[in-house]
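Visitor: please work out how this folds:
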Amino acid sequence: MTTASDVLSAVQSAFPGAVLESRVESDRRLWATIDSNSIVDVCKHLSEKLNFDHYSGAAGVDWIARKEMEVVEIMASHGAHQVVAMLKSKTPRENPSVKSLANLFWNANWYEREIWEMFGINFEGHPGLYPLLLGDELVGVWPWRKDFKGYPDLTTGQRAVERPTSEGYTEYFIPPTPAEIEAGTVPKEKPKYPSFREREEKEIKSDSEMIMHMGPQHAMLPGPFLLDILIEGERVHKAFLDMGYIHKGIEKIMENRTWLQGLTYTDRMCYVASLSNNECYCGAIEKILGLEVPLRAQYIRVILEELSRIQSHLIGTGEFMTLIAGVGYAPWNFMIIDRESIISLIESVTGARLTHTFVRFGGVRNDLPEGFSDKCRSALKYIESRTKEYIELFEQDPIYHMRMENVGVLSPDRAKRVGISGPPLRATGVAYDMRKEDPILVYPDLDFKVVTGTRGDSADRIDVRLREILESIHIIEQCLDRIPAGPIKTETKVPKKIPAGEAYYRVEDPRGEMGMYVISDGGDKPYRVKVRGPVYATLQTLPPLLEGVYIADAVAIAGSMDGCPSEADR
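Guide: This is a model prediction of the structure:
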């Protein structure tokens, strides 16, 4: 199996002098600073020669004291090896600019747009640097830079100001704050780009075409996002997606909270994946600290995170059923009731039903309560029986087959190229799961299968989630059988100030690959927390997937992706 050292040697051999700095963290992690003039060629070489066929994302970092910025490219493989390459390219902070990878990797488009609108780093050769998460009023203030002064009044929270229009409507604008004016960071000239509406209307080619709005308030996904479709008759010619309606600025907030306070914000990125988000954040910090998590705590984490996967799949599938058959369709009513038994099990351990803040640096907050094992086994037996009923129900329903089979089909190659993960990727037959590819905790010691589909359509995406519930039950039962006695927290004292360092940690979120890139400068707060969530990648995939389908199928396709705009917006 290829190791990080092998990859580094291959790059240094192919591009003498291009690797300016390097660090092999482990067999599965490579950190390297690449000459900015060579970054595109190096990434192309990794992709074509070394089986790095998964462009996982990118992060921007503002090193204000060094008067420079960095773009960190995250490169991985869909199973050929387990190395994650974190490739950095530097640029001066004054007029920062790096080369775009969008012509090399289709899904680099959104990651570069986000870095541009948040940091002001230009990407040479990008097809269109338009805002994705920010409203037009904030474009050009570069809010994730370290010298950003545009915070709202801490006593009132006021930031947006109402302004009546001549037509009698109310609009909002965001004036500069006194701190921005005093610091001289108010942009004198804002970037110019066509508006979202102008970009849409440019695609209308005839009088028989029109733009139809689906959102931002629409039942397709449990959260607001705008999906506009260009239609002719009942067919979708093109789709346009806009986000940022619930942009919470969590990554920036975490830079201004202590390390432990930041944990509470990971819950709120996506409440049905709060435990895996806890795990991802704490795991990255444990890497920086070199902490060894006690074995009992590892088992508890796995049990709770797999229970969370079950409840997430139940509510996601149940909600989806309302999209194609109405609220009264029985699976929704049954699944939400079944989910309550899992939520109650989790609550008995964490004390909360949705936002848990349960995982801790080097362990967990508290132990399993007395009698938990018996209650858990009983609930899992019931959920197993019910899940098999749902699988049988969908297999026998002819209307369900008509609405779902061969609708929204993704081929394995296309799915890998667009960068999706989780059930939408595994439904195409690609057995890509972080619990196998980048195993953490006690997952390497557990026996479980990676559930895959064969067609990659909407029906397969739902079937994969239901069968994953059965695998999660199998995993939890093994943990209950094997969990040892012992401490639930490391004996090593966790300092309030985390030593300088960086780490990238990945988990298998219920919706796919969740990664967090955490940087410490030695202080009591994170210097940078970059969240690479699965739904961000899923939503980028949606517009091309909808081209050519019927309007009615657009709802089924979008819903089968089981997205969470809250996590994508962060």
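
Visitor: residue farthest from the centroid of the chain?
Guide: Ranking residues of the chain by C-alpha distance from their mean position (CA atoms, centre = their mean) puts Ser166 at the top, at 41.1 Å.

Visitor: name the helix or strand for it, please.
Guide: In the assignment (DSSP states H and E), Ser166 maps to no helix and no strand.

Visitor: pLDDT at it, what is it?
Guide: As predicted, Ser166 sits at a pLDDT of 81.

Visitor: phi, psi of it?
Guide: The phi/psi pair for Ser166 (degrees, to the nearest 10) reads phi -70, psi -20.

Visitor: tell me where the stretch 251-400 of the chain is predicted with low confidence.
Guide: 325-330 (pLDDT under 70).

Visitor: tell me where it has strands.
Guide: 359-360, 363-364 (DSSP state E, counting those that start in this stretch).

Visitor: for these, which one sits closest to Gln298?
Guide: Among those, the nearest to Gln298 by CB to CB is strand 363-364 (9.0 Å). (Each C-beta comes from the backbone N, C-alpha and C, glycine too.)

Visitor: number of residues surrounding the closest residue to Glu137 other than its chain neighbours?
Guide: Sequence neighbours aside, Ile174 is the residue nearest to Glu137 in space, at 4.2 Å (criterion: CB to CB, 6 or more residues apart in numbering). Ile174: 15 surrounding residues under other CB atoms under 10 Å.

Visitor: pretty sure Ile174 is touching Arg163, no?
Guide: No: if you go by CB atoms under 8 Å, Ile174 and Arg163 don't touch, sitting 10.7 Å apart.

Visitor: how about the strands in the stretch 401-550 of the chain?
Guide: Using DSSP E, counting those that start in this stretch, the strands of the stretch 401-550 of the chain run over residues 501-509, 512-520, 528-532.

Visitor: now render these as JSON lines, adding distance to Val464.
Guide: Shown next, in JSON lines, are those (distance: least, CB to CB, whole Å):
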{"stretch": "strand 501-509", "distance to Val464": "13"}
{"stretch": "strand 512-520", "distance to Val464": "11"}
{"stretch": "strand 528-532", "distance to Val464": "22"}
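
Visitor: can you list those in JSON lines and add distance to Leu295 and mean pLDDT?
Guide: Formatted as JSON lines, those follow (distance: least, CB to CB, whole Å; pLDDT from 0 to 100):
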{"stretch": "strand 501-509", "distance to Leu295": "18", "mean pLDDT": "96"}
{"stretch": "strand 512-520", "distance to Leu295": "24", "mean pLDDT": "96"}
{"stretch": "strand 528-532", "distance to Leu295": "28", "mean pLDDT": "96"}
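
Visitor: would you map the helices across the stretch 251-400 of the chain?
Guide: Ranges of helices in the stretch 251-400 of the chain, per DSSP state H, counting those that start in this stretch, are 259-267, 274-289, 295-325, 330-350, 372-396, 398-404.

Visitor: so which of those gets nearest Thr541?
Guide: Nearest of the helices of the stretch 251-400 of the chain to Thr541, taken as CB to CB: helix 295-325 at 16.8 Å.

Visitor: circling back to that earlier point, who's in contact with the residue nearest to Glu137?
Guide: Going by CB atoms under 8 Å, 6 or more residues apart in numbering, Ile174 touches Gly135, Glu137, Leu138, Gly150, Arg159, Ala160, Val161.

Visitor: got a list of what the second one touches?
Guide: Contacts for Glu137 were tallied using CB under 8 Å, 6+ apart; they are Tyr172, Phe173, Ile174.

Visitor: wait, which of the strands of the stretch 251-400 of the chain is closest to Leu546?
Guide: Nearest to Leu546, of the strands of the stretch 251-400 of the chain and by CB to CB, is strand 359-360 at 36.9 Å.

Visitor: could you check how far the closest residue to Met404 other than its chain neighbours is from Phe320?
Guide: Of all residues not flanking Met404 in the chain, Ala459 sits nearest, at 3.8 Å (CB to CB, 6+ apart). Remark: distance between Ala459 and Phe320 (CB to CB, to the nearest Å) = 11 Å.
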